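Asks: only geometry, no sequence info:
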């Protein structure tokens, strides 16, 4: 991840430290990837440290929560409509996949955000829109790209990751929309039909002139490292890199979006809680740790609502329990790590 030198006076809570910070006497003040807060800024001043390196991706003019702009929404919906037409031509006319053209379209949307963190926040703000295969695919594309950046992959690979995320669910276009959009739990037969979409998608893209890693992501994004996934039940050594990254992005995007079979979306903190408990062993551990350690940084200083109705502002992340941050609430502070019955259910 790229880093930038910032004077201590210009540091803001929520920025991420790019290198270990030591005082002149050798005292360790902060570890690499630590999240800057008011206490750390005071320590830097006390030890006369004039400037530190921070991750450029965490530097933004406004970290109090990013709202999807009108331009971002318009760009998002334009890509959504364009992808419907593109998928239709690929499936029904056997048109080739123009990776360069699609990459340029995605780049236009990415440029609406100043950073990966801002992009994720604006995507979260889009959750009020009704979900669809195309909208979900755009979200998975964006999250995959952001994770690829956090993993410090070459820019060319990050761009291809975006295409892989976009096409990962193309097989669902071959499934009856009434099944996909059913407003209640699927029957066993319907569930098995939906589980065929990776194979259906692979049949669509397998002979296309595109990077093999994109094809692997289409086929294997529901495979799990322990062999518990589908459609082939393969383990980590046979799951491609792009597929392992898209798998994480797919779960995150699916859980934070509204779906017809549930009455609400999950907050990112609920998703992280799920991944902390269920993800290790199923997802690539290296990629999952990177994702979890970065994903919640974008929500520092964002206002949230708890399952008991209390509202607060996130001011500090608990590294030992990422889904349970410290909140500033009316009358003081609330450490969710000390209150296991409380969870964040809404981002305000």
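Replies: Now that the structure is in, tell me what you want to look at. Please read all numbers here as calculations on a predicted model, not as lab measurements.

Asks: so where does residue 100 fall, helix or strand?
Replies: helix 99-110 (DSSP states H and E).

Asks: counting by contacts, list what that helix packs against.
Replies: helix 70-92, helix 133-150, helix 155-167 (3 or more C-beta pairs under 8 Å, 6 or more residues apart in numbering; DSSP states H and E). Bear in mind the C-beta positions are built from the backbone N, C-alpha and C, glycine included.

Asks: turn the ones you listed into a markdown table, including distance to residue 232 and mean neighbour count.
Replies: Below are the helices and strands packed on helix 99-110 laid out as a markdown table (distance: least, C-beta to C-beta, whole Å; neighbours: other C-beta atoms under 10 Å):
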| stretch | distance to residue 232 | mean neighbour count |
| --- | --- | --- |
| helix 70-92 | 23 | 15 |
| helix 133-150 | 20 | 24 |
| helix 155-167 | 18 | 23 |
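
Asks: how about those, which one is nearest residue 178?
Replies: helix 133-150 (13.4 Å; C-beta to C-beta).

Asks: how far does the helix holding residue 100 sit from the chain's center?
Replies: Between the centre of helix 99-110 and the centre of its chain there are 18 Å (C-alpha atoms, centre = their mean, to the nearest Å).

Asks: what's the answer for stretch 295-303, then?
Replies: The answer for stretch 295-303 is 13 Å, by C-alpha atoms, centre = their mean.

Asks: just to revisit the earlier point, which of the helices and strands packed on helix 99-110 sits closest to residue 24?
Replies: helix 133-150 (31.5 Å).

Asks: what does residue 119 show for phi and psi?
Replies: phi -60, psi -40 (degrees, to the nearest 10).

Asks: distance of the residue lying closest to it once chain neighbours are set aside from residue 168?
Replies: Nearest non-adjacent residue to residue 119, counting by C-beta to C-beta, 6 or more residues apart in numbering: residue 113, 3.8 Å away. Applying C-beta to C-beta, to the nearest Å, the value for residue 113 to residue 168 is 21 Å.

Asks: also residue 3?
Replies: The value you get for residue 3 to residue 168, if C-beta to C-beta is used, is 31 Å.
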